[in-house]
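Enquirer: below: sequence and its predicted model.
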Amino acid sequence: MTAIRLKTHRVHKPWGRHALWPGFPDPAPEEDPVGEVWFQTLDGSEPELLVKYLFTSEKLSIQVHPDDAAARAAGYPRGKDEAWVILAAEPDATIALGTIEPLDGDALRSAALDGSIEDLVDWKPARAGDVIYSPARTVHAIGAGLTLVEVQQNVDLTYRLYDYGRPRELHLKDGIAVSDAVPFTVVDRSVAAGPGRMILCEGAKFVLERWSWDGERSVALPADRPGLFVPVTGEGAIDGAPWHAGECWSVEGHAAISASPGADILFAYPGGERLPL
């Protein structure tokens, strides 16, 4: 079988929610809110890419991720580029991307220490349907009132610059060293690539697609570029096994995929260029 359903790992966070997304059972009122859902391999291996859902009721920390070179120098396998697909957003929801004006290391450190960084990052409106590719070294923060899918290079490496007074460790030395504290322009990278196939972004580290069709297709992936099949809505079958919204499947080699009418599917794979699927 070339398609394997990944494990679902729910992560409780104080900034999470009790109302999630169709396909995910809501936590009981007496339970802690769920902030993230991760999809993990059955054997504990760590592929190049990781998919998460995020459910926010408060702002997440202002943070930054290193690029590959800086991460490897610190003993990690890779840095972290990431992309977000906004599924739902409250009317005033925002995401901070970059800074309003360029900041050098000393200015960034001072702003992080006195809290003024919250007003110096660029809080941009976030709406359902938005797709944002955030390269490593981008100073950023995910705001409240969002439901989104995050596709990222698979590494647990985040440098917090500011956390609104929450009692968590900051990483100013390492974070400032890898920060490009400059204005950030959101670029629409989406390109139609045939019926029911939209390329959402082709970053340096991975490609993210969105599929919408009914019926059956087959995909063929090279051995060094396994894909992650993420059904956001709908249902169908992959290699004869039923899939449902709220799952994530690892796909290698050839797979036959059927989808119900109107299904919304994300598909991600490593490398910077799209495959002729």
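Expert: Thanks, I have the structure now.
Enquirer: stretch 5-22: which residues count as buried?
Expert: For stretch 5-22, the neighbour count (16 or more other Cβ atoms under 10 Å) marks 5-6, 10, 13, 15-17, 20-21 as buried. Backbone N, C-alpha and C define where each C-beta goes, glycine included.
Enquirer: return the set of buried residues in stretch 46-54.
Expert: Neighbour counts over stretch 46-54 (16+ other Cβ under 10 Å) mark 48-54 as buried.
Enquirer: all helices of the stretch 51-200 of the chain, in order?
Expert: Using DSSP state H, counting those that start in this stretch, the helices of the stretch 51-200 of the chain run over 68-73, 105-114, 117-120, 172-177.
Enquirer: go through these and name the closest to residue 264.
Expert: Closest of those to residue 264 is helix 68-73, at 31.1 Å (criterion: Cβ to Cβ).
Enquirer: that older thread, make a markdown table from the helices of the stretch 51-200 of the chain and add distance to residue 207 and mean pLDDT to it.
Expert: Converted to a markdown table, these look like this (distance: least, Cβ to Cβ, whole Å; pLDDT from 0 to 100):
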| stretch | distance to residue 207 | mean pLDDT |
| --- | --- | --- |
| helix 68-73 | 17 | 98 |
| helix 105-114 | 32 | 98 |
| helix 117-120 | 32 | 98 |
| helix 172-177 | 28 | 98 |
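Enquirer: what about these, which gets the closest to residue 183?
Expert: Sorting these by Cβ to Cβ, the top spot, which is the nearest, belongs to helix 117-120 at 11.0 Å.
Enquirer: that closest one packs against which elements?
Expert: helix 105-114, strand 159-162 (3 or more Cβ pairs under 8 Å, 6 or more residues apart in numbering; DSSP states H and E).
Enquirer: contacting residues around that helix?
Expert: Helix 117-120 is contacted from outside by 62, 99-101, 103, 108, 111, 161-162, 164, using Cβ atoms under 8 Å, 6 or more residues apart in numbering.
Enquirer: the host helix or strand of residue 269 pairs with which strands?
Expert: Residue 269 belongs to strand 264-270 when assigned by DSSP states H and E. Using DSSP bridges, strand 264-270 pairs in its sheet with strand 206-211 (antiparallel), strand 227-233 (antiparallel).
Enquirer: how about residues contacting it?
Expert: 48-49, 51, 85, 149, 151, 200, 205-212, 219, 221, 225-234, 259, 275.
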